[in-house]
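**Student:** Got a predicted structure plus its sequence, pasted below:
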Amino acid sequence: MKSKLSMVAIGLLLVLLAGCGYKSFREKGMWQKFPGIYTAWEPSDLKLYRELLPKEFDMPEQPGVAFFIVDYQIVVPYPMGPYFEGAVALA
């Protein structure tokens, strides 16, 4: 439960940072508009989770899966331009 709460807290922090933006980023350029989705949950199929986890890793006490996708709509300076980014992470 603790690791799941940590993932949710990190996600909320990213959302808050994205919403408020830093003036230095806006002045110097970077990501200026980027809506996205973040979620985290406990896996329902632990056998599949173990298969997806690299063999060198131990099975965590509380497995977790996190997912995000972001549409970076306004990105400056040139030559940077709009792009999509996403990831799936195993705790």
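**Tutor:** On my side now, so go ahead. Here the structure is a predicted model, which is why all the values come from computation and not from measurement.
**Student:** So, low pLDDT: which residues of the chain?
**Tutor:** 1-29 (pLDDT under 70).
**Student:** which residue ranges form the helices in it?
**Tutor:** 2-20, 23-28, 46-52 (DSSP state H).
**Student:** does residue 41 have beta-bridge partners, and which?
**Tutor:** For residue 41, the beta-bridge partners are residue 65 (DSSP bridges).
**Student:** Let me know whether residue 60 touches residue 91 as I believe.
**Tutor:** Yes: look at residue 60 against residue 91 with Cβ atoms under 8 Å: they come within range, at 5.5 Å. Heads up, the C-betas are built off the backbone N, CA and C, glycines and all.
**Student:** quick one: which of those two has more around it?
**Tutor:** Using other Cβ atoms under 10 Å, the more surrounded residue of residue 60 and residue 91 is residue 91, with 18 against 12.
**Student:** residues near the nearest residue to the more buried one once chain neighbours are set aside, how many?
**Tutor:** Excluding its sequence neighbours, the residue lying closest to residue 91 (Cβ to Cβ, 6 or more residues apart in numbering) is residue 64, at 3.6 Å. Residues within reach of residue 64, counting by other Cβ under 10 Å, total 20.
**Student:** mind pulling up the phi and psi values for residue 64?
**Tutor:** Main-chain torsions, residue 64, degrees, to the nearest 10: phi -150, psi 150.
**Student:** Please verify my assumption that it contacts residue 49.
**Tutor:** No: at 9.2 Å, residue 64 and residue 49 do not qualify as touching, with contact defined as Cβ under 8 Å.
**Student:** what is in contact with these two at once?
**Tutor:** 43, 90 (Cβ atoms under 8 Å, 6 or more residues apart in numbering).
**Student:** Now residue 72: closest residue in space that isn't a chain neighbour?
**Tutor:** residue 34 (4.6 Å).
**Student:** phi, psi of that neighbour?
**Tutor:** Per degrees, to the nearest 10, the backbone of residue 34 is at phi -150, psi 80.
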